[in-house]
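Colleague: Starting from these lines, generate the structure:
(one chain, ligands or ions: 2)
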Amino acid sequence: MNKLITIERHFVEEQKLNPHATGELTDLLYDVAFAAKLVRREVVRAGLVDILGMAGTTNVQGEEVKKLDLFANEKIINAIGQHGRFAIMGSEENEGTIAPPKNETGKYVLLFDPLDGSSNIDVNVSVGTIFSIYRLTGDNPKKADINDCLQKGLQQVAAGYVIYGSSVVMVYSSGHGVHGFTYDPTIGEFLLSHENITTPKKGKYYSINEGSFHQLHDSTINYIDYLKEEDKETGRPYSTRYIGSLVADFHRNLLTGGIFVYPATKKHPNGKLRLMYEANPLAFICEQAGGRATNGRERILDIDPAELHQRTPLYIGSEDDVLIAEEFEQGKR
Ligand code: AHM
Ligand code: MG
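Modeller: Ligands and ions are numbered 1, 2, ... in the order given. Next up, the predicted model:
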């Protein structure tokens, strides 16, 4: 029988790879995994909202029923906040930064998107939580401020996501490869199921929202045309896969190979996705798995952020596929 390795055990083993580790990162990752379990509990009951009470109304216990993404945000802030194992946090759902409880503070910065793909919640399609962890830039946690959040993705010490799908899977990297854990609801644990994930150099899927065809620039249209052409040698045409939940689209492509593109469009000149909450953590995971992530011109992890909620175009996935997409984006093809 295979050894059963819980995610907590894995965090501890990874910590041993760093002789200077104090255990603080391990504790914070543990809190993130715990928060994910709380979010999962609600996500799997999402379909019951109609029976138990609509979002925005009062449920049978007399409590206000929250929209699931706001609920997830609150759960994560509370679950992680109660231990104060961070110096400052930022959430896609909060305008400004979030401070730890008084007298509690750690040395890490946590940025997260509590429930990404929210348009899919009501129709039973996969959604996800994405997170990103940085070290403080200075050594006084009491002085943590927005500048600690605005670091290049390159500075991430860990990142990951949880996909609430046909099974619930948490994928993370702390710089020693990418590992995936599947949740076993009968024992309430995430168990190691995907050790050392590497993404294929080239894939057969492309994920772009072609519904926005008339908003796309010619460079993107040319690229899509290229993917649809028949050519045995390069494995074309590619198949389309687009769920509309970044975590789900990314996770599939990570395992099977392929490319996800959310380009700059006429409607979204800077793309739609957020650099700090979506692009950076997934770029970190993707690179750790041997893939590539850029904005079409520049490596995502090299972008110097100016704002917490800044958007970026995103080309992410198998290295060969992203390289070709960049050539189109830059007018070289
Ligand atoms: P959200 O943060 O409001 O959920 O939006 C992010 C989502 C991503 O999960 C997904 O890749 C993208 O928006 C889909 O956008 P579109 O519907 O424009 O294709
Ligand atoms: Mg999002």
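Colleague: ok, residue 295 touching residue 313?
Modeller: Yes. With contact defined as CB atoms under 8 Å, residue 295 reaches residue 313; the gap is 4.7 Å. Every C-beta, even on glycine, is put in place using the N, C-alpha and C of the backbone.
Colleague: Mind listing the shared neighbours of these two?
Modeller: In terms of CB atoms under 8 Å, 6 or more residues apart in numbering, residue 295 and residue 313 are both contacted by the residues residue 271.
Colleague: for the lengthiest helix in the chain, packing partners?
Modeller: Longest helix in the chain by number of residues, with DSSP state H as the criterion: helix 24-43. Judged by 3 or more CB pairs under 8 Å, 6 or more residues apart in numbering; DSSP states H and E, helix 24-43 is in contact with helix 7-15, helix 68-81, strand 108-116, strand 127-135, strand 156-164, strand 168-173.
Colleague: looking at those, which has the lowest confidence?
Modeller: Of all the helices and strands packed on helix 24-43, helix 68-81 carries the lowest average pLDDT, namely a mean of 89.
Colleague: Which residues does the helix or strand following that one contact?
Modeller: Of the helices and strands lying after helix 68-81 in sequence (DSSP states H and E), the nearest is strand 88-91. Strand 88-91 is contacted from outside by 73, 76-77, 80-81, 97-100, 109-114, 136, 144-146, 148-149, 276-277, 308, using CB under 8 Å, 6+ apart.
Colleague: Paired strands for the very next helix or strand once past strand 88-91, with orientation please.
Modeller: Heading C-terminal from strand 88-91, the first helix or strand you meet, by DSSP H and E, is strand 97-98. Strand pairing for strand 97-98, determined by DSSP bridges: strand 88-91 (antiparallel).
Colleague: Check whether the partner strand comes into contact with ligand 2.
Modeller: No. Remark: strand 88-91 sits outside contact range of ligand 2, by CB under 5 Å from the ion, the gap being at least 10.3 Å.
Colleague: does that strand come close to ligand 1?
Modeller: No. On the criterion CB under 6 Å from any ligand atom, strand 88-91 is out of touch with ligand 1, staying 11.2 Å away.
Colleague: chain center to that strand, what's the gap?
Modeller: 15 Å (CA atoms, centre = their mean, to the nearest Å).
Colleague: for stretch 23-32, same thing?
Modeller: 17 Å.
Colleague: Show me what from the chain comes close to ligand 2.
Modeller: Counting by CB under 5 Å from the ion, the chain sits next to ligand 2 at 113, 116.
Colleague: Show me which residues of the chain sit near ligand 1.
Modeller: Contact residues, the chain versus ligand 1 (CB under 6 Å from any ligand atom): 116-118, 209, 244-246, 272.
Colleague: ok, now which ones touch the residue most central in space within the chain?
Modeller: Centroid-nearest residue in the chain, with CA atoms, centre = their mean: residue 130, separated by 3.2 Å. With contact set as CB under 8 Å, 6+ apart, residue 130 has these partners: 112-113, 116, 159-161, 246-247, 277-278, 281-282.
Colleague: can we see that at 7 Å?
Modeller: Counting by CB atoms under 7 Å, 6 or more residues apart in numbering, residue 130 touches 112-113, 116, 161, 247, 277-278, 281-282.
Colleague: In contact with whatever residue of the stretch 1-150 of the chain ends up closest to ligand 2, which residues are there?
Modeller: Nearest to ligand 2 in the stretch 1-150 of the chain, going by CB to the ion, is residue 116, at a distance of 3.7 Å. Counting by CB under 7 Å, 6+ apart, residue 116 makes contact with 127-128, 130, 245-247, 278.
Colleague: Then residue 152?
Modeller: 301-304.
Colleague: Save those as a markdown table, and put in distance to residue 171, secondary structure and neighbour count too.
Modeller: Below are those laid out as a markdown table (distance: CB to CB, whole Å; DSSP: H, G, I helix; E, B strand; the rest coil; neighbours: other CB atoms under 10 Å):
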| residue | distance to residue 171 | secondary structure | neighbour count |
| --- | --- | --- | --- |
| 301 | 17 | helix | 18 |
| 302 | 23 | helix | 12 |
| 303 | 22 | coil | 20 |
| 304 | 26 | coil | 10 |
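Colleague: Just give me the closest of these to residue 191.
Modeller: Residue 191 has its nearest neighbour among these in residue 301, at 29.7 Å by CB to CB.
Colleague: so who does the closest residue to that closest one other than its chain neighbours touch?
Modeller: Excluding the flanking residues, the one nearest residue 301 by CB to CB, 6 or more residues apart in numbering is residue 153, at 3.8 Å. Taking CB under 7 Å, 6+ apart, we find residue 153 in contact with 280, 283-284, 300-301, 303.
Colleague: Next one: residue 153 from residue 8, what distance?
Modeller: From residue 153 across to residue 8, the span is 26 Å (CB to CB, to the nearest Å).
Colleague: Let me see the domain layout of this structure.
Modeller: 7-194, 205-330 (the TED database).
Colleague: Correct me if wrong: residue 28 contacts residue 87.
Modeller: No. At 10.4 Å, residue 28 does not count as touching residue 87 under the criterion of CB atoms under 7 Å.
Colleague: which neighbours do those two share?
Modeller: 106, 108.
Colleague: picking up where we left off before, could you identify the most distant pair in the contacts of residue 153?
Modeller: Every pair of those checked by CB to CB; the farthest is 284 and 303, at 12.6 Å.
Colleague: Thanks a lot, see you next time.
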